[in-house]
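A.B. asks: Let's see this in three dimensions:
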Amino acid sequence: MQQAKFVGYYRVSTQRQGVSGLGIEAQQAAVLNYLRGRGELVGAFVEVESGRKGGKRRPELVKALAECKRSRAALVVGKLDRLSRDVRFFLETLDDAGVDIRFAEFPDISPKTDEGRMILIGMANFAEFEGRRIGTRVKAALAAAKARGVKLGTTGPANLSQNIQERQATANAFANKLLGLVAGFKARGLSQRAMVVELNQVGVAAPRGGAWSLVQVQRMLRRVREADQLPA
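C.D. replies: Predicted structure coming up:
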């Protein structure tokens, strides 16, 4: 019996989260848990964007849906609100994507059934409500801070410099430990996506723990090349 195919889609809402990896590991873990006994992951796409934006501002989602059609796979999203916190966009994607879409946090709910669709629409409404509430609280907090005389928009680069340097040093040290492994990958001619699969299969944890993503492998390879001048 042929195994079902899935394409993972992960999204973080700010550039800072995208760079640091915050949130990605939890989504990856949810997807991998969903896949157990259901099928194999044949692709993964990571989106870094902010706010409730349309599909034209979601290039990785467009690519993920195209890959689903090409490989005849279903799209699997770790959390429903990672697809969107905008009900209109959520429904447009669900109805117009042309592929089966599943949500790892609701493993037994299919949008293809009447009951499943009703439940998912209800959860999408709640996600939009939650997103708007967060926005309202942030605006209120900023207004209160401004009233107290706090200068907004000045994060102080000097204050962040030490933290950034420490994170870079940790990332470089981690990459150095993988020099031999990466050299072996290169010698075997593995693609970056194949490296993701192999790292996860052999149980090598990603920099922040959990499974590897394509973005993490690309960052690791860049650091390895800088450390040891390996060829691209």
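A.B. asks: Outline the domain layout of this protein.
C.D. replies: Structural domains assigned to the chain are 4-127, 157-228, following automatic domain parsing.
A.B. asks: hey, least reliable of these by pLDDT?
C.D. replies: Sorting the domains of the chain by mean pLDDT places domain 157-228 lowest, at a mean of 76.
A.B. asks: returning to what we had before: of all the domains of the chain, which lies closest to R148?
C.D. replies: domain 157-228 (19.4 Å; C-beta to C-beta). From N, CA and C alone the C-beta is placed, and that goes for glycine too.
A.B. asks: buried stuff in stretch 199-217?
C.D. replies: 199-200, 206-207, 210-217 (16 or more other C-beta atoms under 10 Å).
A.B. asks: Export only the CA atoms of it, formatted as CSV.
C.D. replies: Provided in CSV are the C-alpha atoms of stretch 199-217 (Å, rounded to 0.1, in the frame of the first residue of the first chain):
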residue,chain,number,x,y,z
LEU,A,199,19.6,14.6,10.0
ASN,A,200,16.2,13.9,11.3
GLN,A,201,16.5,10.1,10.6
VAL,A,202,19.8,9.7,12.4
GLY,A,203,18.5,11.7,15.4
VAL,A,204,20.8,14.7,15.3
ALA,A,205,18.9,17.5,17.1
ALA,A,206,18.5,20.9,15.5
PRO,A,207,20.3,23.9,17.2
ARG,A,208,17.3,24.6,19.5
GLY,A,209,16.2,21.0,19.7
GLY,A,210,13.6,19.1,17.8
ALA,A,211,13.5,18.3,14.1
TRP,A,212,15.5,20.0,11.4
SER,A,213,13.8,22.3,8.8
LEU,A,214,15.2,23.3,5.4
VAL,A,215,15.8,26.8,6.6
GLN,A,216,17.8,25.5,9.6
VAL,A,217,20.0,23.3,7.3
